[in-house]
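> Quick one, structure for this:
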Amino acid sequence: MDRRAVAAIVLMMAIAMLPAVFFRKPPQRQPLRDTVQVTATAPAPAAGVPPSVTAAPAAAIPDSAAAAVPIKTVRVTSPLYRYGISTRGARLVEATLTTYRSMFPGDSSQAVELLHPSSDLLGLRLVAGKDTVSLADWDFVPSSDSVAASAETPLTMTATRGGVTVALHYRFQPETYVVSVDGQVDGLGPNGGTLVIGMGPGLRNTEVDSVEHMRNLGVVTMSDQTRRTDFSSLKPTVATELSGPFDWVAIKSKYFVIAVFAVDTTSSGVTGRLSGVRAVATDQRKRPAEADVRTSLPIPASGAFHFTLFAGPMDYPRLRAMGHEFYDVNPYGWPGFRTIIRPVSLAARWLLVKLHDLGIAYGLGLIIFGIGIRLALWPLNQKAMRASMQMQAIQPLLKDLQDRHKDDPQRLQQEMFKLYKEYKVNPFGGCWPMLLPMPILFALFFVFQNTIELRGASFLWLPDLSRADPLFIIPVVMGLSMYVVSKVGQIGMAPNPQMKMMLYLMPVMMTVMFLKFAAGLNLYYAVQNLASVPQQWLLAKERLKANPPKPALVAKTPAKK
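As a prediction, the model looks like this:
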């Protein structure tokens, strides 16, 4: 090969290689080095939750370097609570409510601890593209080892690994159970990412009745309306996906709640919304009581994010103060009936709490409330009972009309309306006033079922008005009061085998039904019954004096032969 051919080859190679040397692109930066690999068997992700999140473990096993760093717990104290935040993963490891006492056997008289022993509350994971990293084994440096709750003095925790820096700023409000969290992630990448927030596996049992505690465990979400998903409805290893966006996501028990807000609870401004929720039962029971629950919050390219944590009691005024219909996390009433039941429930709760603030025990307040309701309804009940007496008086006339026009329903109806008009009887007058106390009874059922102020309130021999009477005395008293009311109410009435049977059957049925109901509800119902006896007695005396109309007044006299 001559020199010119060799020179041509060298020149072509130079032309091909030199641009790659002088104009090569900088290497693509990996935003997250500690990537959690996604397995092929990973369940489907929730809406808004990246696929790699579903495979992330609840807590990563720390490596030898991380294990050498001592773990500290930063204590946050206020008159209402003690919170503990671990420097390992910046996870909440303690949420003690100092003004409430646990009733769980073995923990009684101790302050309520909300967190489950294996809690992953505020366990954080960062997601960028297909990469996920758990912060569970990151060591954060706190700005202080202990903090007195103050909105002006934040707690700052920072950590750096693999070119990614995470800074968390916590602000605590001493008079509320609200924790405001502002975060900044640097090195996440130009497209931002997602923050996955752990909330499982549930709340610690703080009640005597473990079955009741498990029955009330669930996830509640708020978008255009609230939706509750009970833990007992979840299936192990099967992910339940809840599509967002959500204003807030909560884990609740019977009386306590932990919630994450993606909105600003101090104003009407919205700073973001939670993307979705994923929940998987973590125990193998037929009705699970534990679940791995995670929600996600989008992180913009700036790396800044904000969310608010509420960890405290389901005290209605506090729930309402959070805004965004957070009070609906503790619903009063069944779906479809809340419009009627909730206002009555809230009014009853307000009155009982106000009476208690005046120094009146809740049990005595219930007695006053029951008598007050009976006195308020006295005129309506009077009208209803007299209407019932009028209907009873014209029963012989109605029976006569039914016998004479049994083959002509249209004529029978016309004659009955004439009879009602002649004697000024409203056939429905005795019904609707009797139904007025029912919404109050239903409302009080939910008041005692869900109102934390009544939790542990004792009265006489009753250790807790919100739980069933352990001696079953008050349900029996309630049943006997029903019998007395029915017995007095039948004085002066014509003998009726059906009414006589109901006289004994209804009190027995109601007693059996109310055996496991809250003692306070039984007390209210018993007081209502006994308070109505004087009115029943007065009307029974009127009935005995009354002269009922006779069939001869309207019946045709047969012609004499």
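> what ranges of the protein fall below the confidence cut-off?
1-68, 151, 264-272, 333-336, 389-390, 393, 426-436, 492-496, 498, 546-561 (pLDDT under 70).
> okay, now the domains of it?
For the chain, automatic domain parsing gives the domain ranges 51-330, 339-377+436-545.
> Which residue would you name as the spatial centre of the chain?
Centroid-nearest residue in the chain: residue 330, 3.1 Å away (criterion: C-alpha atoms, centre = their mean).
> can you pull the contacts of the closest residue to that one other than its chain neighbours?
Using C-beta to C-beta, 6 or more residues apart in numbering and skipping the chain neighbours, the partner closest in space to residue 330 is residue 314 (4.3 Å). Just so you know, the C-beta spots here come from the backbone N, C-alpha and C atoms, and that holds for glycine as well. Neighbouring residues of residue 314 by C-beta atoms under 8 Å, 6 or more residues apart in numbering: 252, 255-257, 329-330, 450, 452.
> Can you list the buried residues in stretch 399-409?
Neighbour-count burial for stretch 399-409, counted by 16 or more other C-beta atoms under 10 Å, picks out 400-401, 405.
> and of those residues, the nearest to residue 262?
When the buried residues of stretch 399-409 are ranked by distance to residue 262 (C-beta to C-beta), residue 401 comes first, at 68.6 Å.
> Give the helix, strand or coil label for the closest one.
Three-state call for residue 401 (DSSP: H, G, I helix; E, B strand; the rest coil): helix.
> In this structure it contacts residue 420, no?
No. Applying C-beta atoms under 8 Å, one finds residue 401 not in contact with residue 420, separated by 11.0 Å.
> follow-up on the earlier one: need phi/psi at the residue nearest to residue 330.
When read as degrees, to the nearest 10, the backbone of residue 314 gives phi -90, psi 70.
> Against residue 273, how distant is residue 448?
Distance, residue 448 to residue 273, using C-beta to C-beta, to the nearest Å: 35 Å.
> neighbour-wise, which of those two wins?
Each of residue 448 and residue 273 has its neighbours counted (other C-beta atoms under 10 Å); residue 448 has more, 28 against 18.
> and the gap between the more buried one and residue 219?
Taking C-beta to C-beta, one finds residue 448 at 24 Å from residue 219.
> coming back round to it: dump the domains of the chain into TSV; add distance to residue 385 as well.
TSV is the format used below for the domains of the chain (distance: least, C-beta to C-beta, whole Å):
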stretch	distance to residue 385
domain 51-330	36
domain 339-377+436-545	5
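> tell me the helices in the stretch 451-561 of the chain, going along the chain?
In the stretch 451-561 of the chain, the helices defined using DSSP state H, counting those that start in this stretch lie at 473-489, 497-514, 519-545.
> buried sites along the second one?
For helix 497-514, burial by neighbour count (16+ other C-beta under 10 Å) applies to 503, 507, 510-511, 514.
> What are the neighbouring residues in contact with the residue nearest to the centre of the chain?
If you count contacts by C-beta under 8 Å, 6+ apart, residue 330 has them with 252, 257, 314, 316, 319, 450.
> nearest to residue 89, of these?
Of those, the one sitting nearest to residue 89 (C-beta to C-beta) turns out to be residue 257, at 22.9 Å.
> Which residues does the one helix or strand that closest one maps to contact?
Assigned by DSSP states H and E, residue 257 belongs to strand 256-261. Contacts to strand 256-261, defined as C-beta under 8 Å, 6+ apart, come from residues 95, 97, 112, 114, 121, 197, 199, 203, 206, 220, 247-252, 274, 295, 307-314, 319, 322, 324, 326, 329-330, 452.
> With stretch 449-462 instead?
For stretch 449-462, contacts defined as C-beta under 8 Å, 6+ apart pick out 100-101, 103, 254-256, 313-316, 330-332, 349, 352-353, 356, 361-364, 366, 447-448, 464-466, 469, 471, 473-474, 518-520, 523.
> now do stretch 506-525
Contacts for stretch 506-525 (C-beta under 8 Å, 6+ apart): 362-363, 366-367, 369-370, 441, 444-445, 448-449, 454, 457, 459, 462, 464-469, 472, 474-483, 486.
> roughly how far out does it sit from the chain middle?
Distance of stretch 506-525 from the chain centroid (C-alpha atoms, centre = their mean, to the nearest Å) equals 24 Å.
> and residue 396, what element?
Using DSSP H and E, residue 396 maps to helix 395-404.
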